[in-house]
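S.K.: Fold the following.
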Amino acid sequence: MAAAANISLQLSSSLVHGETKLSASSTLLMGAPLASRSPCPPYDLKMARPLVIQSKRLSGLEESIRIRRERELQTSTASKRRPALRRGKVSQRLPVPDHIPNPPYVASKLLPEIAKEHQIHDMEGLVRMRAACELAARVVDFAGTLVRPSVTTNEIDKAVHQMIIDAGAYPSPLGYGGFPKSVCTSVNECMCHGIPDSRQLQDGDIINIDVTVYLNGYHGDTSKTFLCGEVNNAMKKLVKVTEECMYKGIDVCKDGAVFRKIGKKISEHAEKFGFGVVDRFVGHGIGTIFHSEPLIFHHSNDKGGCMVEGQTFTIEPILTLGTTDCITWEDNWTTLTADGSPAAQFEHTILITKTGAEILTKY
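M.R.: Okay, the predicted model is just below:
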């Protein structure tokens, strides 16, 4: 479950106070205009030389802009045909058996602040962390098997909730800052934090299912974007590249590596295909606390600090076909692309080692 970032590195209060629109501070660099030459004097046609037109190879940035413009043109018609996402009926939150321990934040509807401490675990902690992450991985894969046209996101929430409590765990999103459901289901233009409801999935949708479980005092967090029925090629490409970006970010992680390498690698790969990288939502430290430092920026940035062996955090990039600007519904959670273009996200929880990163949310 992504955390929202702002300049002070706190979880944005817009999720509580309902800020409705945000603008990404990105600027496209345009090529300089061609310089005009002075008029040529009259000349004899017999002396005229063949006209030769020369062009230079596009720079990487110019090529990225060209690809993005072409992709926006290709997908604009499809996006217009696809109905805008509308909120369905949200059912009551599901009960959790009394014998299952609750995370501390469940007792309050206030959105917790991001904890300042980095989470580094001893051997016993890692055993519990691995167990929570493995369960989360199994749950998200099970949820993916439910994705098909006519299924509601509320039905997915019920199935996920049952699997989690059957394992003796607590669904971490339930009650986090007042979040009413046990899983986040983000469809099409929903960037993240979608609340399960009565809307039926449609043929051609994409849906991100974000699962976090709290087991034996530790959180495990993961998400995947799934295809529903026959999805168009542009959206398939978006989903594929988003997953690739996540792994590109994971590949640079190891003890002593600087955090900004993650965003650099993700942005470089996304820009090759003309996709936008959302800077509004970030990865985060995780363990006994749901959201903590370090915050992991997925876009190009100058964040300082280095990774430390034994540290756990999430990498969870969100890519878009169009703008990275967003709007948030009145529920203070559901966040959509401002232009209605599709978005995709993938997430893993990782453990930093001496030589690399171990993906914990797998089995």
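
S.K.: contacting residues for Arg181?
M.R.: Let me fix one detail, which is that residue 181 is Lys and not Arg. Residues near Lys181 by CB atoms under 8 Å, 6 or more residues apart in numbering: 90, 93-94, 157, 173-174, 195-196. Where C-beta positions appear, they are placed from N, C-alpha and C, glycine not excepted.

S.K.: Now the buried members of these.
M.R.: Among the contacts of Lys181, those classed as buried by 16 or more other CB atoms under 10 Å are 90, 94, 157, 173-174, 195-196.

S.K.: Closest one of those residues to His291?
M.R.: Nearest to His291 among the buried ones among the contacts of Lys181: Pro173, at 11.5 Å, using CB to CB.

S.K.: On the pLDDT front, check the nearest residue to Leu174 once chain neighbours are set aside for me.
M.R.: Using CB to CB, 6 or more residues apart in numbering and skipping residues adjacent in sequence, the residue nearest Leu174 is Ser182, 4.7 Å away. Note on Ser182: pLDDT of 98.

S.K.: can you give me the strands in the stretch 201-350 of the chain?
M.R.: Listed in chain order, the strands of the stretch 201-350 of the chain (DSSP state E, counting those that start in this stretch) span 206-215, 218-227, 276-277, 281-285, 292-296, 312-315, 318-320, 326-328, 335-337, 343-345, 348-352.

S.K.: now those strands in JSON lines, with mean neighbour count and mean pLDDT?
M.R.: Shown next, in JSON lines, are the strands of the stretch 201-350 of the chain (neighbours: other CB atoms under 10 Å; pLDDT from 0 to 100):
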{"stretch": "strand 206-215", "mean neighbour count": "28", "mean pLDDT": "98"}
{"stretch": "strand 218-227", "mean neighbour count": "25", "mean pLDDT": "98"}
{"stretch": "strand 276-277", "mean neighbour count": "24", "mean pLDDT": "98"}
{"stretch": "strand 281-285", "mean neighbour count": "27", "mean pLDDT": "98"}
{"stretch": "strand 292-296", "mean neighbour count": "22", "mean pLDDT": "98"}
{"stretch": "strand 312-315", "mean neighbour count": "28", "mean pLDDT": "98"}
{"stretch": "strand 318-320", "mean neighbour count": "28", "mean pLDDT": "98"}
{"stretch": "strand 326-328", "mean neighbour count": "23", "mean pLDDT": "97"}
{"stretch": "strand 335-337", "mean neighbour count": "25", "mean pLDDT": "98"}
{"stretch": "strand 343-345", "mean neighbour count": "29", "mean pLDDT": "98"}
{"stretch": "strand 348-352", "mean neighbour count": "24", "mean pLDDT": "98"}
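
S.K.: Let's see which of the contacts of Lys181 end up in helices.
M.R.: Asp157 (DSSP state H).

S.K.: Would you mind giving the strands of the stretch 201-350 of the chain as TSV with distance to Pro104 added?
M.R.: TSV is the format used below for the strands of the stretch 201-350 of the chain (distance: least, CB to CB, whole Å):
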stretch	distance to Pro104
strand 206-215	10
strand 218-227	12
strand 276-277	33
strand 281-285	16
strand 292-296	13
strand 312-315	19
strand 318-320	28
strand 326-328	26
strand 335-337	25
strand 343-345	27
strand 348-352	20
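
S.K.: give me the beta-bridge partners of the most centrally placed residue in the chain?
M.R.: The centroid of the chain falls nearest to Ile318 when counting by CA atoms, centre = their mean (2.9 Å). Beta bridges link Ile318 to Gln345 when assigned by DSSP bridges.

S.K.: Make 6 the starting number, not 1.
M.R.: Understood, numbering begins at 6; the last thing we discussed is Ile323.

S.K.: correct me, but it touches Val287?
M.R.: No: using CB atoms under 8 Å, Ile323 is not in contact with Val287, being 9.8 Å away.

S.K.: hey, what's in contact with both of these two?
M.R.: Jointly contacting Ile323 and Val287 under the rule CB under 8 Å, 6+ apart are 7, 303.

S.K.: before we move on, the earlier item: do you know which of the strands of the stretch 206-355 of the chain lies nearest Gly310?
M.R.: For the strands of the stretch 206-355 of the chain, proximity to Gly310 was assessed by CB to CB; strand 297-301 is nearest, at 6.2 Å.

S.K.: In CSV, list the C-alpha atoms belonging to the closest one.
M.R.: Taking Å, rounded to 0.1, in the frame of the first residue of the first chain, the C-alpha atoms of strand 297-301 are listed here in CSV:
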residue,chain,number,x,y,z
SER,A,297,8.1,4.2,8.0
GLU,A,298,11.2,5.8,6.6
PRO,A,299,12.9,5.4,4.2
LEU,A,300,10.5,6.8,1.6
ILE,A,301,11.3,5.4,-1.8
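
S.K.: Quick one: residues contacting the residue nearest to Leu179.
M.R.: Contact analysis of Ser187 by CB under 8 Å, 6+ apart lists 98-99, 162, 165-166, 169, 176, 178-179.
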